[in-house]
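K.L.:
Kindly return the folded structure for what I paste below:
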Amino acid sequence: MRILFLGTGDVGLPALRWLLREHEVVAVVAQPDKPVGRKQELTPPPTKRLALEHGIPVLQPRRIREPDAVAELAALQPDVIVVMAYGQILPKSLLDLPRLACLNLHASLLPAHRGAAPIQASILAGDRESGIAVMWMDEGLDTGDILLLRPLRIRRRETGGTLHDRLAELAPEALAEAMGLLARGAAPRIPQDATRATYAAKLSRESGVIDWRAPARAIDRQVRAMNPWPASSTLLPDPAGAAPRKLKIFSVIPFRHATGEPGTVLRVDKRGLLVAAGEGAVLLRDVQLEGKRRMPIRDFLPGHPIALGTRLG
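P.N.:
Okay, the predicted model is just below:
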């Protein structure tokens with residue numbers, strides 16, 4: 001089939017690779033290049049790099065709904081549009097464009113966690129399962145009928161990064177099954193139950209700020225969900241009285257039986273830094289002080305001693 005692929009993030013790379021092997025990808029549409037890093041170097045999205053390696057045309061309209069952009073895509077005459085982590089809502093004029101279907105691969109078991117950050121939301125919620133939903137697209141935000149769901153069990157110490165990678169590898173399997181059903185004219189359309197819908201807002205750097213009044217298990221889920229980006233964080237007071245510095249936290253262990261004023265350091269030893277939460281406490285294991293490299297807490301403490309009773313946050 002003639003496929004038009006819309007995707008920007010690297011979560012869509014395995015699905016795009018599968019399409020490049022099995023179908024005719026007529027073009028890849030991605031968000032415009034963006035400045036990245038301290039030097040703010042203009043960097044192409046990963047889907048663009050993969051497409052160019054295979055000699056596939058790449059289009060990067062600033063607004064996909066502009067008439068000129070829609071007309072350019074219509075000229076490609078795709079049989080199917082496949083979307084995964086593109087980053088813009090598609091207009092009806094584009095949804096109606098392909099001969100057979102406009103399909104979205106969404107990284108949750110819809111209707112749970114519609115929106116921009118479903119992977120992190122599933123960990124934050126304490127879900128036992130995530131997965132890939134292949135959805136017939138409509139004009140809403142992840143509201144279209146379901147073609148199929150491919151579930152994936154969330155591991156006990158899953159992070160946002162590990163779940164991202166596992167779902168990315170699951171996506172081609174779900175897409176292959178969906179495309180087979182579509183080719184045979186047997187693809188179902190199952191309406192979503194809107195009463196069960198939840199939403200996952202776009203992440204920002206503030207999404208990782210720890211509220212020490214939360215229960216230890218909730219803080220643990222937040223730390224795992226926000227690893228590697230934007231990373232959970234708190235403020236570390238300076239013993240000399242200078243301004244507090246941001247301390248990123250990448251790994252903790254929750255403790256049920258510990259008490260103290262939320263945010264207070266209860267214990268400091270080679271195993272970690274035990275900090276009181278609203279219920280229980282968490283043991284900090286892997287941290288990064290702003291401007292420094294990431295390191296285990298046992299390597300961090302000798303150069304940055306923290307006294308018992310210090311209040312974080």
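
K.L.:
contacts and neighbour counts: CA atoms only from here.
P.N.:
OK.

K.L.:
what residues does the longest helix belonging to the chain touch?
P.N.:
Longest helix in the chain, counting residues (DSSP state H): helix 160-183. With contact meaning Cα atoms under 8 Å, 6 or more residues apart in numbering, helix 160-183 is reached by 11-15, 18, 100, 105, 107, 119-120, 123, 131-134, 147-150, 152, 154, 187, 224-228.

K.L.:
So which bits of that helix are buried?
P.N.:
160-164, 167-172, 174-175, 178-179, 182 (16 or more other Cα atoms under 10 Å).

K.L.:
Write the ChimeraX selection for whichever of the contacts of helix 160-183 are buried.
P.N.:
In ChimeraX, a selection of the buried entries from the contacts of helix 160-183 looks like this (16+ other Cα under 10 Å):
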select :11,12,13,14,15,105,107,119,120,123,131,132,133,134,147,148,149,150,152,154,187,224,225,226,227
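
K.L.:
Among the contacts of helix 160-183, which lie within strands?
P.N.:
Mapping those onto strands (DSSP state E) picks out 105, 131-134, 147-150, 152.

K.L.:
Centre of the chain to stretch 83-101, how far?
P.N.:
21 Å (Cα atoms, centre = their mean, to the nearest Å).

K.L.:
Quick check: end-to-end length of that stretch?
P.N.:
Using Cα to Cα, to the nearest Å, the end-to-end distance of stretch 83-101 comes to 11 Å.

K.L.:
Report the buried residues of it.
P.N.:
So for stretch 83-101, counting by 16+ other Cα under 10 Å, buried means 83-86, 90, 94-95, 97-98, 101.

K.L.:
Tell me the one of these nearest residue 291?
P.N.:
Nearest to residue 291 among the buried residues of stretch 83-101: residue 85, at 30.6 Å, using Cα to Cα.

K.L.:
Dump the buried residues of stretch 83-101 to TSV, plus pLDDT.
P.N.:
Shown next, in TSV, are those (pLDDT from 0 to 100):
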residue	pLDDT
83	98
84	98
85	96
86	96
90	95
94	96
95	97
97	96
98	97
101	97
